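Chemist: structure for the following, please:
(chains A, B, C and D)
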There are 2 protein chains.
Amino acid sequence: MDVKVSNSSNADPGSGARRRSDVTRDAILTAARERFAADGYERATIRAIAKDADIDPSMVMRYYGNKEGLFAAAVSIDLSMPDPAALPRHDVGRALVAHFLGMWEENEVLTALLRVGTTNQAGAERMQQVFREQLTPVAQKACPDPEQAPARAALAAAQLLGLALTRYVLRFPPTVALSREEIVAWLAPTLQRYLTAPSP
Amino acid sequence: MDVKVSNSSNADPGSGARRRSDVTRDAILTAARERFAADGYERATIRAIAKDADIDPSMVMRYYGNKEGLFAAAVSIDLSMPDPAALPRHDVGRALVAHFLGMWEENEVLTALLRVGTTNQAGAERMQQVFREQLTPVAQKACPDPEQAPARAALAAAQLLGLALTRYVLRFPPTVALSREEIVAWLAPTLQRYLTAPSP
DNA sequence: CTACGAAGTCAACACTTGTAGGCCAACAGA
DNA sequence: TCTGTTGGCCTACAAGTGTTGACTTCGTAG
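Modeler: Residues are numbered from 1 along each chain as shown, chains lettered A, B, ... in the order given. Next comes the predicted model:
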C-alpha cells in the first residue's frame, strides 16, 4: 500500500536518488506496456508481465501495490502537442494528423490505453483526461469561439481515435494499407474543418 | 458440441419447429448481449449472464457449446443498410450518419461488438466482416472508382466508429452532449467527401 | 568484518473462471 | 399408462487469477 514514488523516468542523476531496483522497475513497466497494448487489461496478467520482465510476480505487487497501480504507472501519456501558438492556423488539421500518426506508431502506450479504455472504467477516464488536457487547448487556439473548443476537440478526437482504432487495434486491412501520406491527405481537411470552420 | 441451430430469430411459426426451450435460449442471448455490451468479453462471465437470464450456467454450455459459441450466437449484426441505389448520391453522407446513429442507439449489439472487438481476436474479425460486407457495397455505388471502394469505406468506418467509441463507450462528455442533429451536421460532409470526392 | 536494510524468491491463500457429468422433473407419443 | 426424450439444476473439477507473508540473498555503511 505504501508504494514509493518512482523517479525512474526522471533522468536526473544529481538530485533524484536512483535506487538499485530502478532497472527492475523499468523492466516491469516496459513489459506491462507491451502486455496491456497487446491484450487489454483483463488478459494482461501480472504473472505474464512478470515473466516477460523476468522477475517474480510478487515484485510487481511490492513496487506498484496492485494491478491498477501498475496500469496507472505504466500508462502515462504525453501527447507532446506542439505549441498551439506556433501552429499555422490555416494548416492546423494537417499538423495534427501527422503528429498523431507519428505518436501512435512510435509509442505503444497509446494502443494500450485505447485497448484498456474500452473495457476498464479507469482506462476510459484516463483517456478522457488525456484528450481534455492536451487536445482541447489546441482547439481553443484554433477555433473561432473558445466556448466551442471542447465540442470541436471531441469531434477531432473522434476522427483520430477512429483511425487509430481501425488501423492499430481492429486492423482493418484497407486502413492498414493506407500510407501515412494518404491518411494525412484524407483526414487533414476533416480536422481543419472540425477545428476552424464556422458551426454548421 | 452438436449445438442445434437456433431459429428463434426467425419468426416463422409455420415451418420452423419451435422448441420448448426457445424462451430460455432467447433469455440467454438477451442477457449475453447486455453483458457483452457493458463489460466486454472477458468480464462478461457465463455465470453472470446465466444469473441475469435466471437459469443455470450449465444451460449456456448445453445450448451454445462454450463461451465463444455464445458470443457468436449473441452478436449477429445486420446494419440493415439502405439500398445503395436508392440513396441520393449527393447526400449519401448525411443518410449514412443518420442511419448509423439510429442503429447504434437502438441496438446494444453494436456496442457489444465494439467493446469485444478491441480485446478479442474473433470480435475484431467479426467487426471487419460486418463493415466489409455491409458498408463497402454502399461505398462502391457512391464513389467514382469502384476499385477505391474498400479504402473509402474504411475511412468512413474510421469516422463512424470513432464517433461511436467516444460517444457510447468512452463517453467523452462533449461528444455525449452533442445532439443527433449536430452530429449529423458535422459528420455528413466528412462522410460525403470520403465516399464521393476525388482522391486528394 | 559485521550488521542492517533493500532486493528478490518461494509457497501458499482465497477466489473466480470455463467446463463436464450425473441426476431429477416435465413432457410427448405409444 | 408406460417410455424415451427434452429441459433444467446441482456439484465438482482443474486451471488460472490477484495478492500475501515469510524466507533468503545481496550490497553497502559503520
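Chemist: between the longest helix seen in chain A and helix B:22-43, how many degrees?
Modeler: The residue-count maximum for a helix in chain A (DSSP state H) belongs to helix A:22-43. Helix A:22-43 and helix B:22-43 are oriented at 170 degrees to each other (axes from the mean of the first three to the mean of the last three C-alpha atoms, to 10 degrees).
Chemist: how far away is A:Val184 from A:His99?
Modeler: Note on A:Val184: its distance to A:His99, by C-beta to C-beta, to the nearest Å, is 10 Å. Placement of C-beta: from N, CA and C, glycine included.
Chemist: neighbour-wise, which of those two wins?
Modeler: Per other C-beta atoms under 10 Å in any protein chain shown, whichever of A:Val184 and A:His99 has more neighbours is A:Val184, with 20 against 17.
Chemist: tell me which residue in chain A sits closest to chain B.
Modeler: Closest residue of chain A to chain B, C-beta to the nearest C-beta: A:Gly162 (2.1 Å).
Chemist: can you give me the helices in chain A?
Modeler: Using DSSP H, helices in chain A cover A:22-43, A:46-53, A:57-64, A:67-74, A:92-106, A:108-117, A:121-134, A:136-142, A:149-164, A:173-177, A:180-196.
Chemist: run through chain A and note the low-pLDDT ranges.
Modeler: By pLDDT under 70, the low-scoring segments of chain A are A:1-17.
Chemist: which bits of it sit near DNA strand D?
Modeler: A:20, A:44-48, A:57-58, A:60-61, A:66-68 (C-beta under 7 Å from any atom of the strand).
Chemist: from the residues you listed, which is closest to B:Ala158?
Modeler: Of all the residues of chain A next to DNA strand D, B:Ala158 sits closest to A:Ala44, with 25.6 Å by C-beta to C-beta.
Chemist: about what we covered before: the longest helix of chain A vs helix A:108-117, what angle?
Modeler: Angle of helix A:22-43 versus helix A:108-117, following the same axes, to 10 degrees, is 40 degrees.
Chemist: mind listing what's buried along helix A:22-43?
Modeler: Across helix A:22-43, burial judged by 16 or more other C-beta atoms under 10 Å in any protein chain shown covers A:24-25, A:27-29, A:31-37, A:39-43.
Chemist: quick one, what contacts the residue most central in space within chain A?
Modeler: Nearest to the mean C-alpha position of chain A, counting by C-alpha atoms, centre = their mean, stands A:Leu110 at 3.3 Å. A:Leu110 is in contact with A:77, A:103-104, A:164, A:168, counting by C-beta atoms under 8 Å, 6 or more residues apart in numbering or on different chains.
Chemist: my read: A:Ala44 touches A:Arg33, true?
Modeler: No. Applying C-beta atoms under 8 Å as the test, A:Ala44 and A:Arg33 come out as separate, 9.7 Å apart.
Chemist: ranking the helices of chain A by burial, who's on top?
Modeler: helix A:149-164 (a mean of 25; mean count of other C-beta atoms under 10 Å in any protein chain shown).
Chemist: how far off centre is that one?
Modeler: Taking C-alpha atoms, centre = their mean, to the nearest Å, one finds helix A:149-164 lying 14 Å from the centre of the chain it belongs to.
Chemist: over to stretch A:42-53?
Modeler: Stretch A:42-53 sits 20 Å away from the centroid of its parent chain (C-alpha atoms, centre = their mean).
Chemist: same question, stretch A:184-198
Modeler: On C-alpha atoms, centre = their mean, the centre of stretch A:184-198 falls 21 Å from that of its chain.
Chemist: same check, this time on stretch A:103-114
Modeler: A distance of 5 Å separates the centroid of the chain from that of stretch A:103-114, by C-alpha atoms, centre = their mean.
Chemist: what is the end-to-end distance of that stretch?
Modeler: 13 Å (C-alpha to C-alpha, to the nearest Å).
Chemist: for stretch A:192-200, same thing?
Modeler: End to end - C-alpha to C-alpha - stretch A:192-200 spans 14 Å.
Chemist: near A:Asp83, how many other residues are there?
Modeler: Residues lying near A:Asp83 (other C-beta under 10 Å) number 9.
Chemist: domain-wise, how is chain A divided?
Modeler: A:22-74, A:84-196 (automatic domain parsing).
Chemist: any chance of the ones you listed in JSON lines, plus distance to B:Ala95?
Modeler: Formatted as JSON lines, the domains of chain A follow (distance: least, C-beta to C-beta, whole Å):
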{"stretch": "domain A:22-74", "distance to B:Ala95": "34"}
{"stretch": "domain A:84-196", "distance to B:Ala95": "18"}
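Chemist: of all the ones you listed, which lies closest to B:Thr119?
Modeler: Using C-beta to C-beta, the domains of chain A put domain A:22-74 closest to B:Thr119, at 4.1 Å.
Chemist: residue contacts, the residue lying closest to A:Val169 once chain neighbours are set aside?
Modeler: Using C-beta to C-beta, 6 or more residues apart in numbering or on different chains and skipping the chain neighbours, the partner closest in space to A:Val169 is B:Thr118 (5.4 Å). Counting by C-beta under 8 Å, 6+ apart, B:Thr118 makes contact with A:40, A:114-115, A:118-119, A:165, A:169-170, B:40, B:124.
Chemist: got the phi/psi numbers for B:Thr118?
Modeler: Dihedral pair for B:Thr118: phi -80, psi -10, per degrees, to the nearest 10.
Chemist: look up how far A:Asp83 lies from it.
Modeler: 32 Å.
Chemist: get me the contact residues on chain A for DNA strand C.
Modeler: Residues of chain A lying close to DNA strand C (C-beta under 7 Å from any atom of the strand) are A:19-21, A:23-24, A:55-59, A:62.
Chemist: now those residues in a markdown table, please, with extra columns for distance to B:Pro189.
Modeler: Formatted as a markdown table, those follow (distance: C-beta to C-beta, whole Å):
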| residue | distance to B:Pro189 |
| --- | --- |
| A:Arg19 | 55 |
| A:Arg20 | 58 |
| A:Ser21 | 55 |
| A:Val23 | 52 |
| A:Thr24 | 52 |
| A:Ile55 | 53 |
| A:Asp56 | 56 |
| A:Pro57 | 52 |
| A:Ser58 | 56 |
| A:Met59 | 53 |
| A:Arg62 | 54 |
